[in-house]
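structure, please.
(one chain, ligands or ions: 2)
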Amino acid sequence: MDKKLTTTNEIKEEIINLSAILGLPKGTEAFISDVHGEYDEFAHIMRNGSGNTKQKIEELFTGRLSLASQKKLAFLVYYPSEILQKTKTEMSNHDQLIQWYMDSFNHLIELLRYTANKYTRSKVRKSISPDFVYITEELLYADRNADTKQLSYQLIMDNIIKLGMADAFIVATCHSIQKLVVDHVHIIGDIYDRGPHPDYIIDHLAHHWQNFDFQWGNHDILWMGSVAGSKLCMLNLLRIAARYDNLKLLKNAYGIDLTKLIEFAEKNYQPQKAFNPKSDTDEKMSECDQKSHNCVQQAIAIMQFKLEGQTIARRPEFQMENRLLLDKLELDNNYILIKGVTYPIKDGCFQLVDSNDPYKLTDSEHEIIADLITQFINSKKLKKHIFYLVNNGSMYLKYNGNLLFHGCIPVDATGKMLSWKINGQAYAGKRLFDYFDSIIRDALSNPTASDCFNSDVIWYLWTGKMSPLFGKDKMTTFERYFIDNDELQVEKLNPYYSLRKEEWFADELFKDFGLNETGHIINGHTPVKAGTSPIMANGKIFVIDGGMSKPYHKTTGIGGYTLLSNSYGLQLVTHEPFTTRQKAIDGMTDVVSTKRVIEQSVSRKTVAETDTGRQLKQQISILQARLKNK
Ligand SMILES: O=P(O)(O)OC[C@H]1O[C@](O)(COP(=O)(O)O)[C@@H](O)[C@@H]1O
Ligand SMILES: [Mn+2]
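Numbering: from 1, shown residues only. Ligands and ions are numbered 1, 2, ... in the order given. Okay, here's the model as predicted:
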């Protein structure tokens, strides 16, 4: 309640307004996960309202517009500037273009009206470009059955064209529709890593979405940890950036200078097959970049393994001794002895590992790390992005009766929640999430490059077996690079991932988090392969890894899933793999392929039945109490 309400009438008016909102249908929520830097695909999904725009067009225009025309209208809404340009080149004369403008105005206003009917006028107004508020409202709320209004409607349309404002008006109206088609966006983690532009994704969210929340994913933790000063988080993210041809992001987006690191890597390492970068874009990497990314990945991997050794030694409570591998190298680093078995090393690059003190950094490594972490802590733009995620995010979220988190709740094979013992305390389930949440916030309010407890715990969240964001027994990065043995490379999933098929298990989790059994649990993190259902526990748990990560398309066979919750219920949306923005526009290919209704009720859910509704009711009671005291 930010308005100052002083008179009795003002208070009464506000009570009436708030009560009216309670009666409106609940806004549509979209759930998206594992975006992994794929900005173009993410933007496409936001533009198409996660498939919702297409559905609204279908509901409104079936029987009036052919399927092909519906598709054209949908693409005009998604990419107005590009479609305008394309349309103009296709028109053979001026009359044809005028007719197209008229048709488009009518269709867009009708669609905007249909999309806006769930919202208050004030909210709709906020979605309209200030340049067009007045005329859009005139068109939107005109009673076209009244003769006088019909005339003014026609005159407005006519004048928009005559005054040369048609293009700007179309673009603005399409943007309004984009904004209204989804009311609230939830991102269930992993904006960062592997894809080229997590920075654009965050800028997009910050500029376009007021109603947004975020549940941190294990990859985001690396970036958040780096800003807090964790050298291990930073080394992991740099290694992944080198592996996926993304080093340029650090310089271009965040001003982090890697020159010294690159020089050091090229001087000390030679390309090795295991370190060949995986390019995510269509552009091929130059040979020079391939070589340098390969060497950088090696240099960082070795520094990472060294600092991991030091951290594991100072934190015995992490119980990660099985990750100490550098000290098990033998015979000139050509073999490794693990649990009594000797394995040959492939693609070894241990020239800077001192066999007498394998976890000790060389002076140059030390200097490079110190310089980089200072840059990470001090990058203004990175700090801005990370604090946006911290301030709008959390380890988990309870929202409208649903429970949202990225990975898992660590449990044993019987489904009992496992406790993590740290600093003389034991944390399980919701308390474990709350504990990590508080450490992250504390770490980010006191960034430091020293080897402190908070930094170590944040790194543990990336890779520890009790991390709800990771959910596996160990991260076998070392074995995957250097040991050709499938068994050693296995990362075993926590039993959560098999138990989450069971309804009783979901009910237990709801209980622990203080939620009702009618809710849903929504996770990301594990790609869902084509043919495997993302719906589990009899419709109580959903896994909606958006499958946007291009390098992972081969594994999943589909793009991925998103979820929509509207006033009628839940819908699961399947996405086809997205190639490029240009190809999507040229071929008018919508990545939304199917929508499956999961839950549908006959009566619409209203705002009164949501978390916002609960807050509004509280505000109404406060106002009513004030009225009584007047
Ligand atoms: O495919 P890559 O680059 O080898 O990465 C594999 C690593 O990523 C992880 O899967 C974690 O990332 P995700 O959260 O995307 O699954 C690790 O468990 C694994 O070791
Ligand atoms: Mn993940």
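
contact residues of the stretch 501-630 of the chain facing ligand 2?
residue 525 (CB under 5 Å from the ion). To be clear about C-beta, it is placed using only N, CA and C from the backbone, and glycine gets the same treatment.

where does the stretch 501-630 of the chain have low pLDDT?
Confidence mapping of the stretch 501-630 of the chain against pLDDT under 70 gives the ranges 530, 546, 551-558, 591-594.

let's see that with 80 instead.
Scanning the stretch 501-630 of the chain for pLDDT under 80 picks out 528-532, 546-559, 576-577, 579, 589-602, 630.

ok, the chain next?
Residues of the chain that meet the criterion pLDDT under 80 lie in 1-5, 142-153, 279-285, 528-532, 546-559, 576-577, 579, 589-602, 630.

the longest helix in it is where?
Taking DSSP state H as the assignment, the helix of the chain that covers the most residues is helix 287-314.

I'd like the distance between the single nearest residue of the stretch 401-550 of the chain relative to ligand 2 and residue 33.
Of all residues in the stretch 401-550 of the chain, the one sitting closest to ligand 2 is residue 525 (4.0 Å; CB to the ion). Residue 525 sits at a distance of 7 Å from residue 33 (criterion: CB to CB, to the nearest Å).

likewise residue 179?
For residue 179, the distance to residue 33 - CB to CB - is 22 Å.

settle it for me: which of the two has more neighbours?
A direct count of neighbours by other CB atoms under 10 Å for residue 179 and residue 33 places residue 33 higher, at 30 against 20.

so the residue of the stretch 401-550 of the chain closest to ligand 2 makes contact with residue 471?
Yes - taking CB atoms under 8 Å as the definition, residue 525 is a contact partner of residue 471 at 6.7 Å.

what do the two both touch?
Contact criterion CB atoms under 8 Å, 6 or more residues apart in numbering; residues bridging residue 525 and residue 471 by contacting each: 407-408.

what are the phi and psi values for the closest residue to residue 469 other than its chain neighbours?
Nearest non-adjacent residue to residue 469, counting by CB to CB, 6 or more residues apart in numbering: residue 218, 4.1 Å away. Backbone geometry at residue 218, expressed as degrees, to the nearest 10, gives phi -60, psi -30.

ok, residue 454 - how many residues close by?
Residue 454 has 22 nearby residues by other CB under 10 Å.

cool, residue 352 as well?
Residue 352 has 18 neighbours, counted by other CB under 10 Å.

you'd agree it is in a helix?
No - under the criterion used here (DSSP: H, G, I helix; E, B strand; the rest coil), residue 352 is coil, not part of a helix.

near ligand 1, which residues of this protein are found?
218-219, 243, 472, 475, 477, 480, 491, 525 (CB under 6 Å from any ligand atom).

which one among those gets closest to residue 539?
Nearest to residue 539 out of the residues of the chain next to ligand 1 is residue 525 (CB to CB; 19.6 Å).

would that closest one count as being in a strand?
No - read with three-state DSSP, residue 525 is coil and lies in no strand.

how about the nearest residue to it, chain neighbours excluded?
In space, residue 525 is closest to residue 407, 4.5 Å off (CB to CB, 6+ apart).

let me know the secondary structure of that neighbour.
Three-state call for residue 407 (three-state DSSP): coil.

okay, now whatever residue of the stretch 51-200 of the chain ends up closest to ligand 1: neighbour count?
Across the stretch 51-200 of the chain, no residue is closer to ligand 1 than residue 190, which sits at 6.1 Å (CB to the nearest ligand atom). A count of nearby residues for residue 190, using other CB under 10 Å, gives 29.

look up phi and psi at it.
Dihedral angles (degrees, to the nearest 10) for residue 190: phi 60, psi 60.

equivalent analysis for residue 562, please.
phi -130, psi 170.

tell me the contacts of it?
Going by CB under 8 Å, 6+ apart, residue 562 touches 30-33, 45, 50-51, 544, 546, 573, 575.

out of those, which is nearest to ligand 2?
Nearest to ligand 2, judged by CB to the ion, of those is residue 33 at 8.5 Å.

for residue 522, give its distance to ligand 1.
Separation of residue 522 from ligand 1 (CB to the nearest ligand atom, to the nearest Å) stands at 16 Å.

and for residue 569?
Using CB to the nearest ligand atom, one gets 30 Å for the distance from residue 569 to ligand 1.

hmm, that residue is touching residue 600, no?
Yes - using CB under 8 Å, residue 569 is in contact with residue 600, at 4.4 Å.

report how many residues lie close to the closest residue to ligand 1 within the stretch 251-400 of the chain.
With CB to the nearest ligand atom, the shortest gap between the stretch 251-400 of the chain and ligand 1 falls at residue 278, namely 7.2 Å. Neighbourhood size, residue 278 [other CB under 10 Å]: 12.
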